[in-house]
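Engineer: Please work out how this folds:
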Amino acid sequence: MSITYRPEVDGLRAVAVVPVVFYHAGLEFAPGGFVGVDVFFVISGFLITSLILKDLDAGRFSLVRFYERRARRILPALVLVMLVSLPVAWLVLMPVPFRDYLESLLSALLFYSNFFFYEESSYFGPAADFIPFLHTWSLAIEEQYYIIFPVVMMLFWQRLQVSVIFALVVAFLASLTLSQLALSSNPTGAYFLPHNRAWELLAGTGLALWIHKQLPLPQGLLADFLAVIGLLMVLLAVAVYQSDMPFPGFTALMPVLGTALILSCATSSTKTAKLLGAKPFVSVGLVSYGFYLWHVPVFVFFRHRFGLDAFDEMVWVLIALALFLATISYWLVERPMRFKVGHKVFLGILSGAVATLLAIGFWQDSTVKDEPASLPTYQWAIKNGPREWVQYASNSIARFQCDEKHPEFHYFNCDFGDPNADQSLVVWGDSLTWSLLHGLHTEALKTGLRGRAIYMHGCPPIPSLTNFELARTCTKDVHEAILQEIETLPKGQTVLNWGSLAAALNSRHIRFNDKVPTSELLRSSIQTAVDRLKARDARFFVIEPGPIYDYEVVQTLLQSLRSGAIRPPQRTTQAHLQEISGVREALDNLDFYIRTSGFFCNDELCPALDASGDMIIYDRNHLSIKHSIRFAQFVMQRVGPESRP
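Structural biologist: You can find the predicted model right below:
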């Protein structure tokens, strides 16, 4: 059964999707465009609940029919975009991004991509610009919600309506509360996990229940006024929200409540309904699902092939291309598959398309595993790019290997340097230490030193730190185990602490002793380590973190080279110093702090390439092999006997 068609709802879909597209395009006038997804959640909860209630009242609700309708609505366009993306990804991606793409494609097809990206990515980080199916996390949230909600309604609505309504209200409040609490304990989970997003769908569900029960709604001028207020709330969020704001939580209430006001008050006689029901809005709203699906792969694959500068120049053309593809797929695929083909034909076409998708995907995956050079972009890079760039881009550069791990806490733990020398040097850190290890090993061999490397990727070396993105492997207990291990080494060690301290201070995912990171907490935490190791007559040095680029250096170099000019990413010295200002505020006046800006930066820039054209940083913040050696020399010169605190 269908509910009465409301053109203003399609217009509202346009209001939701266009800001999302503008946000992913990097357009400055829509910094909060990501709230369009929240608008979609409310609309979806409202419409689906309205359909379920109508069928339940008529005594013809069927789970099979419900899920078939969802499949007809969601899968044809999604599978089409995936099928088209397979050859494009094959043509434009390098081996590592290609393997990541295939994994994300499978997660999107099986509707668990929100969990996949929760483990792998950040929606707001620069790397998101290069992930083709990151946006499918929202589809996964919706489908997970609709696994549970229709079953609850089918089992309990007819007999226990009051109890169901009460349970839904409790669920709404619980989900909203959990979403807010997660902002301080697990911000990535607040964004991607279903229990932290359910309240937005439940807002639409609650509104549908209110209308179904024929409870009073604003009328006349009041309805017109409230509908305008709702639209302004959504547009204000688009215009003023920023990606570094805590979100969703209570911050998402403005676009969610604004959407609810529009749905409840923008009746056909109101000015807002007439505006949203105008043909331009409705036309975009009708194809909004396809527009949402197409725009991210179009943007991402273009960035991979032509680079960021070319993307900025072509952004409006690419937006138009995504809208064109959405329109074509709506009329040729979405609409026929929803309304015109029979049950058996639909299942046959869909099954064949999914089988084809999986067959091609698994074939591509096995081919790239065995022969990465089969990818055309990699072939081009091998023929035209410096060999070293290709090795870094394909993750095949030879480095010092540290394969040993702690049996309980799983941090890397191995010796380097001269195996015949006495243990005298310890380096404790995160992946920055991993990238420095080749240089330290080389330098230690030359000078007759033996060292111990102790590091955990994504886990800056701060004793009180917990990283909630790696909540099972980066906790205070891990740091305590590391400190205890260092304390068991012979007295008189020189301990080098190098990790992403600035990123830790600025991260939404990190806490110091369960508190929001501050310079004061960083100082006291580091001082704790200093005091403990001084008792072992150890010399302790904190190495200042280097610059972090917005985009991977080697990928940017290859993209720009293919476009006809080498344009490495840049980081201004001013921006870098601002980024590490909190670390300097905490530690710069301590005699064990080693400044590094002189190594990485000149008066104006922190260049990604040195004067000889060699990469200093090869991805966003990790040292190349050559500069690992040079940086190790830089550090060891400052850790001589005269540097003893």
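
Engineer: could you pull out the strands for the stretch 251-400 of the chain?
Structural biologist: Counting by DSSP state E, counting those that start in this stretch, the stretch 251-400 of the chain forms no strands at all.

Engineer: would you list every one of the helices in it?
Structural biologist: Using DSSP state H, counting those that start in this stretch, the helices found in the stretch 251-400 of the chain span residues 253-265, 271-276, 279-286, 288-329, 335-339, 343-370, 376-384, 387-393.

Engineer: which residues sit against the helix or strand bottoming out on mean pLDDT in the chain?
Structural biologist: Ranked by mean pLDDT, DSSP states H and E, the weakest helix or strand in the chain is helix 553-562, scoring a mean of 83. Here helix 553-562 makes contact (CB atoms under 8 Å, 6 or more residues apart in numbering) with 94, 97, 130, 303-309, 377, 380-381, 384-385, 389-390, 392-393, 566-569, 608, 615, 617-620. No exception for glycine: its C-beta is placed from N, CA and C like everyone else's.

Engineer: And the helices in the stretch 101-250 of the chain, which stretches?
Structural biologist: Ranges of helices within the stretch 101-250 of the chain are 113-120, 137-156, 161-185, 187-192, 198-212, 220-240, based on DSSP H, counting those that start in this stretch.

Engineer: What are the boundaries of the strands in the stretch 401-550 of the chain?
Structural biologist: 412-417, 423-429, 450-455, 465-467, 494-498, 510-512, 539-543.

Engineer: Residue 421 - how many residues pack around it?
Structural biologist: If you count neighbours by other CB atoms under 10 Å, residue 421 ends up with 15.

Engineer: hang on, residue 245 packs against residue 254?
Structural biologist: No. The pair residue 245 / residue 254 is not scored as a contact, 11.3 Å apart, by CB atoms under 8 Å.

Engineer: Which of those two has more residues huddled nearby?
Structural biologist: Of the pair residue 245 and residue 254, residue 254 is the one with more neighbours under other CB under 10 Å, namely 20 against 16.

Engineer: what about the stretch 401-550 of the chain, any weak spots by pLDDT?
Structural biologist: 471, 508 (pLDDT under 70).

Engineer: could you redo the last one with a cut-off of 90?
Structural biologist: For the stretch 401-550 of the chain, applying pLDDT under 90 flags the ranges 401-404, 407-408, 410, 423, 458, 464, 466-476, 503-511, 513-517, 550.

Engineer: and what of the stretch 101-250 of the chain?
Structural biologist: In the stretch 101-250 of the chain, residues with pLDDT under 90: 117-131, 158-160, 182-189, 214, 243-246.

Engineer: sorry, back to before: run the chain-centre distance for the least confident helix or strand of the chain.
Structural biologist: Mean-position distance between helix 553-562 and its chain equals 22 Å (CA atoms, centre = their mean, to the nearest Å).

Engineer: Show me which positions of it end up buried.
Structural biologist: Residues of helix 553-562 classed as buried by neighbour count (16 or more other CB atoms under 10 Å): 553-562.

Engineer: what is the orientation angle of it with helix 376-384?
Structural biologist: 80 degrees (axes from the mean of the first three to the mean of the last three CA atoms, to 10 degrees).

Engineer: Just the angle for helix 553-562 relative to helix 288-329, thanks.
Structural biologist: 20 degrees.

Engineer: Now render the helices of the stretch 251-400 of the chain as a markdown table, adding distance to residue 11 and mean pLDDT.
Structural biologist: Shown next, in a markdown table, are the helices of the stretch 251-400 of the chain (distance: least, CB to CB, whole Å; pLDDT from 0 to 100):
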| stretch | distance to residue 11 | mean pLDDT |
| --- | --- | --- |
| helix 253-265 | 9 | 97 |
| helix 271-276 | 3 | 94 |
| helix 279-286 | 3 | 96 |
| helix 288-329 | 10 | 94 |
| helix 335-339 | 18 | 94 |
| helix 343-370 | 29 | 93 |
| helix 376-384 | 41 | 86 |
| helix 387-393 | 45 | 87 |
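
Engineer: what's the most buried one of these?
Structural biologist: Of these, the one with the most neighbours on average (mean count of other CB atoms under 10 Å) is helix 253-265, at a mean of 24.

Engineer: Residues contacting it, please?
Structural biologist: Contacts to helix 253-265, defined as CB under 8 Å, 6+ apart, come from residues 8-9, 12, 35, 38-39, 41-43, 46, 176, 200, 203-204, 207, 210-211, 217-218, 222-224, 226-227, 229-234, 236-238, 272, 276.

Engineer: What is the burial count for residue 614?
Structural biologist: Per other CB under 10 Å, the neighbour tally for residue 614 reads 15.

Engineer: An error on my part: the question was meant for residue 98.
Structural biologist: Using other CB under 10 Å: residue 98 sits among 21 other residues.

Engineer: these two touch, right, it and residue 90?
Structural biologist: Yes. Counting by CB under 8 Å, residue 98 does reach residue 90; the two are 7.4 Å apart.

Engineer: joint contacts of the two?
Structural biologist: Joint contacts of residue 98 and residue 90 (CB under 8 Å, 6+ apart) are 364, 375.

Engineer: And the helices of the stretch 251-400 of the chain: which comes nearest residue 156?
Structural biologist: helix 253-265 (24.0 Å; CB to CB).

Engineer: what angle sits between that closest one and helix 220-240?
Structural biologist: Using the same axes, to 10 degrees: helix 253-265 against helix 220-240 is 150 degrees.

Engineer: quick one: helix 253-265 to helix 198-212, angle?
Structural biologist: Computed by the same axes, to 10 degrees, the angle separating helix 253-265 from helix 198-212 equals 20 degrees.

Engineer: Quick one: distance of helix 253-265 to the chain centre.
Structural biologist: Going by CA atoms, centre = their mean, where helix 253-265 is centred and where its chain is centred differ by 27 Å.

Engineer: thinking again about what came up before, will you turn the helices of the stretch 251-400 of the chain into JSON lines that also has distance to residue 192?
Structural biologist: What follows is the helices of the stretch 251-400 of the chain, written out as JSON lines (distance: least, CB to CB, whole Å):
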{"stretch": "helix 253-265", "distance to residue 192": "17"}
{"stretch": "helix 271-276", "distance to residue 192": "30"}
{"stretch": "helix 279-286", "distance to residue 192": "26"}
{"stretch": "helix 288-329", "distance to residue 192": "16"}
{"stretch": "helix 335-339", "distance to residue 192": "28"}
{"stretch": "helix 343-370", "distance to residue 192": "23"}
{"stretch": "helix 376-384", "distance to residue 192": "29"}
{"stretch": "helix 387-393", "distance to residue 192": "28"}
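
Engineer: just checking, residue 455 touches residue 426?
Structural biologist: No. In this structure, residue 455 is not within contact of residue 426 by CB under 8 Å, at 10.7 Å.

Engineer: Give me the more crowded residue out of those two.
Structural biologist: The neighbour comparison of residue 455 against residue 426 (other CB under 10 Å) goes to residue 455, with 25 against 22.

Engineer: Need the residues that contact stretch 320-332.
Structural biologist: 21, 77, 80-81, 284, 286-291, 293-295, 298-299.

Engineer: hang on, residue 310 packs against residue 563?
Structural biologist: Yes. With contact defined as CB under 8 Å, residue 310 counts as touching residue 563 (5.9 Å).

Engineer: check contacts around residue 417.
Structural biologist: So residue 417 contacts 425, 440-441, 444-445, 449-451 (CB under 8 Å, 6+ apart).

Engineer: Sounds good, over and out.
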